[in-house]
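S.K.: task: produce atomic coordinates for the following.
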Amino acid sequence: MPSMLSVGLCLACLLGATVPCWSQLLPTESRSRRSSVDCEQVTDGTASRPDYQLDSSEEDWSSLCNPAMRGDDPWDRVKYIALGGSSYVSFGGELRGSYERYRNYNWGSGPQDPNGYYLNRIIGHADLHLGPRVRVFAEFQSGLEFGRNGGPRPVIDQDKLDVSQLFLELNPSTPKDRPPISLRLGRQELNYGERTLVSTRELNVRRPFDGIKLVFQPPKWRIDVFAVKPVASALARSFPPLLVRNAHLIL
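M.R.: Numbering: from 1, shown residues only. You can find the predicted model right below:
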């Protein structure tokens, strides 16, 4: 039975490696935007085809309302589903499998695992745009660990099913001489700088934040103001408080 399980996991990892996972690419230089692109802007040439982002909530697929903007990507048909007017919904996901093996893990302290272990992550999201001013984004993730001596590491290896993002975004209308403003309320991912302090922590279980974020976008600038709290995984919440401490970030 263990050998059959190992073979099955190997096939799953191979499948995950062969399926294009563009969402795992490093983020491009493009930044988060307000949800105000409509088909008139697309047809007059002011909009361009978006890039896949590490954080899927940063993607803007509104340009696909113009069939001419759709390329050979087979996923385009689910990236923009018109709902009437300027409203649409976009779907996306990620399947990632990996095998890890360490020698003298943690300098030889604690359980060692000479045979290695498998990690698997599935992420799926839905991005609903109700016109150019209101947006609801929902994302679920499942991170699983198989075969690690000592079991999954807390916080980073396993979270069987959890809400990784769920927020409401408002993009109020502003005069043309004022910078665009957007407001996000709820659970969301944050990535800044070298991603050592405020980041999603791109491991098998990603780390979201609960809170509020306000974004100003004057010409050639972007100013983010946020007050958030990191979210611990379900497995991490089952460990002693000393292992998982509460923290708040205000900037």
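S.K.: so what's residue 216 up against?
M.R.: When contacts are counted by CB atoms under 8 Å, 6 or more residues apart in numbering, residue 216 touches 179, 180, 181, 222, 223, 225. Quick note: C-beta positions are derived from backbone N, CA and C, even for glycine.
S.K.: how about a cut-off of 10 Å?
M.R.: 174, 178, 179, 180, 181, 182, 222, 223, 224, 225 (CB atoms under 10 Å, 6 or more residues apart in numbering).
S.K.: which of those residues are buried, as a ChimeraX select command?
M.R.: Buried residues within those, by 16 or more other CB atoms under 10 Å, are selected in ChimeraX with:
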select :180,181,182,224
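S.K.: narrow the contacts of residue 216 to those in strands?
M.R.: 181, 182, 223, 224, 225 (DSSP state E).
S.K.: so how far is residue 80 from the residue nearest in space to the middle of the chain?
M.R.: Nearest to the mean C-alpha position of the chain, by CA atoms, centre = their mean, lies residue 55 at 3.7 Å. Counting by CB to CB, to the nearest Å, the gap from residue 55 to residue 80 is 19 Å.
S.K.: neighbouring strands - and their directions - for the one helix or strand residue 118 maps to?
M.R.: Assigned by DSSP states H and E, residue 118 belongs to strand 117-130. Note on strand 117-130: by DSSP bridges, its sheet partners are strand 87-100 (antiparallel), strand 134-146 (antiparallel).
S.K.: ranking the ones you listed by burial, who's on top?
M.R.: strand 134-146 (a mean of 19; mean count of other CB atoms under 10 Å).
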